[in-house]
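> Okay, here's the prediction I keep looking at, along with the sequence it came from:
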Amino acid sequence: MSKIFRTDIQIWATAYVRAETEEEALVKLRELGNRGIEVADTDWSTPDDDVETHISGRHYSDPDLPELSLSPFMTIAPVTADAMDGVE
């Protein structure tokens, strides 16, 4: 019978931010930091957020692009063998 294995992985994604300045964009991105999101949920704003956030397939020039969004195209970082854990 096959076993189940798990590992944490890093995923690299592109974020798009609507802001007047680079500093304002950085503040909005920092609000996003260290938060877990459910990628199946297309709107992952929380009640405490002032910024609407989405995973969006829209082009960055689209006027309807959300204020803060992640591109749905993401890259999984290399996974090392020592990162694997068996699941009991």
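On my side now, so go ahead. Numbering: from 1, shown residues only.
> Surely residue 16 is within a helix?
No. Per DSSP: H, G, I helix; E, B strand; the rest coil, residue 16 lies outside any helix segment and is strand.
> Quick check: bridge partners of it?
residue 69 (DSSP bridges).
> Surely it and residue 61 touch.
No. Residue 16 is beyond contact range of residue 61, at 10.0 Å (criterion: C-beta atoms under 8 Å). Using the backbone N, CA and C atoms, a C-beta is placed for each residue, glycine as well.
> Settle it for me: which of those two has more neighbours?
Ranked by neighbour count (other C-beta atoms under 10 Å), residue 16 and residue 61 place residue 16 first, with 19 against 7.
> separation between that one and residue 27?
From residue 16 across to residue 27, the span is 15 Å (C-beta to C-beta, to the nearest Å).
> which sections of this structure are below the confidence cut-off?
Judged by pLDDT under 70, the chain has its weakly predicted residues at 34-36, 40-53, 85-88.
> show me what contacts the residue nearest the centre of it?
The chain has residue 70 as the residue nearest its centroid, 5.7 Å off, counting by C-alpha atoms, centre = their mean. Residues counted as contacts of residue 70 (C-beta atoms under 8 Å, 6 or more residues apart in numbering) are 13-16, 53-56.
> Show me where this structure has its helices.
22-32 (DSSP state H).
> can you give me the strands for the chain?
Taking DSSP state E, the strands of the chain run over residues 4-6, 11-17, 53-55, 68-76, 85-87.
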